[in-house]
Every structure is written in structure tokens, then in C-alpha cells.
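Novice: structure of the sequence below:
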Amino acid sequence: MLKKLTFTLVTILILLGLTEAALRLFWNEPHKTPDREDFVKFHPHPNPEIAFTLPPNYYNWAAKIWTNSWGFRGKEIGEKKPGQYRLLAIGDSNMFGSYVTHNQTIMAVFKSRMNLSNHTKYDKFIFANLCVPGHNLTQYRAVLEEYGDKVSPDFIVCGISVFNDFNGIFQIYHDLGFIRRE
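Specialist: Residues are numbered from 1 along each chain as shown. Here you go, the predicted model:
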């Protein structure tokens, strides 16, 4: 019995390894094809700490991305109405949803699940996706300072990606004197 189980597990692992190798060699990932490389040209933001967003009022049919007048993914965010619960997302390309349609982003899936299973006193959940590919912790703070009052969030979701967000942050803290080498 133990020999059969071991043989089965080893066979599965070998097949998974071969499948992975074949996909890496022969599958052309959609986001690496020439027509998807520059699907969005970033737009400079007036606030130098934010640095850039997507172009305001932008729509790309192929990538299924649209932006509001602020240059963030999604619909316009109006004044908060009674009975609304607002969630604000800040983050980089992972939270933004690079290479997925609007309905496949983390926040869109979360919104649909929240609205379907609404057992709260709120009539509607409003989600603001203020994520931008390439942003880091410093830019998250700047986006929150710039747009936080305009969105009036009840809850804030911050998507942190270790490789992007902490890139260079320790040097900044060292330069500011928060981290010292003894």
C-alpha cells in the first residue's frame, strides 16, 4: 500500500514538473505578446509624490480597462449617500488587476460577493480602486492623502507586494535616521 501511494505521488510530481516545463517553453503568455506590452501609457500626476496614474477617462477595449476622471481604474466616485459602505483599495499591479478584465480584479470579485451575501444594515457597497501598477508604499500614502477625503472610505484595503513595495524603502528609512547601523 505504501509503495503504491509513493509511486502515485512521485508520478504526479513528475507530471506536474513536465507540464510546468512544457508551458514555460511553448506557451506564449498573453501579457508578453507585442500587442499587450504597452497596453497603457502612464500619465504624469500633478502631485509629485504620486508621480503617475493611468490617463484620465481612458478606455482600452483589448485590455478591458477604463479609468475615471482621476486616472484610476473603475467608475466615477460621487458623493457618499446614506446606506452606502465604501471600501478603498490602494496598491500596485496585483490589486489593480493588470492583465485581467474589470470583473476579474480582486476588488470586483470582493464587491460581487459582498453584495450577494449582504447581511448588514448597508444598502450598497461602493468600491474605489485607487491602485496603480508600479506604485509603492510612499505612493500609497500620497494617494490616500490626496483622495481619502474625496472617497470617504469606511474601510481601506492595502495590497502589499514585498518585491515592489519594499524596494528602496529601507534606504529611505536609513537616510532619514530611522535605521542605523552600529
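Novice: near the nearest residue to His45 once chain neighbours are set aside, how many residues? Count them for me, please.
Specialist: Residue nearest to His45 in three dimensions, not counting chain neighbours: Thr53, with 5.1 Å by C-beta to C-beta, 6 or more residues apart in numbering. C-beta here means a position set from N, CA and C on the backbone, and glycine is covered the same way. Look at Thr53: counted by other C-beta atoms under 10 Å, it has 24 neighbours.
Novice: cool, Leu130 as well?
Specialist: Neighbours around Leu130, by other C-beta under 10 Å: 31.
Novice: rewinding a little: phi and psi next, for the residue nearest to His45.
Specialist: According to degrees, to the nearest 10, the main-chain angles of Thr53 amount to phi -140, psi -170.
Novice: what pLDDT does it get?
Specialist: pLDDT, Thr53: 89.
Novice: begin at 374 from here
Specialist: Got it, the first residue is 374 from now on, which makes the last one we talked about Thr426.
Novice: partner residues bridging it?
Specialist: For Thr426, the beta-bridge partners are His416 (DSSP bridges).
Novice: tell me if I'm right that it and Phe415 touch.
Specialist: Yes - counting by C-beta atoms under 8 Å, Phe415 is a contact partner of Thr426 at 7.1 Å.
Novice: overlap in contacts of the two?
Specialist: Common contacts of Thr426 and Phe415 (C-beta atoms under 8 Å, 6 or more residues apart in numbering): Val505.
Novice: centroid residue for this protein?
Specialist: The chain has Met468 as the residue nearest its centroid, 1.3 Å off, counting by C-alpha atoms, centre = their mean.
Novice: how would you label it: helix, strand or coil?
Specialist: Of the three states, Met468 takes helix under DSSP: H, G, I helix; E, B strand; the rest coil.
Novice: check contacts around it.
Specialist: Met468 touches Ala462, Thr478, Ile479, Met480, Asn502, Cys504, Val530, Gly532, counting by C-beta under 8 Å, 6+ apart.
Novice: for these, work out which two are farthest apart.
Specialist: Thr478 and Val530 (11.7 Å; C-beta to C-beta).
Novice: between the two, which has more neighbouring residues?
Specialist: Set Thr478 next to Val530 and count neighbours by other C-beta under 10 Å: Thr478 wins out with 23 against 18.
Novice: can you tell me how far the more buried one sits from Pro455?
Specialist: Counting by C-beta to C-beta, to the nearest Å, the gap from Thr478 to Pro455 is 27 Å.
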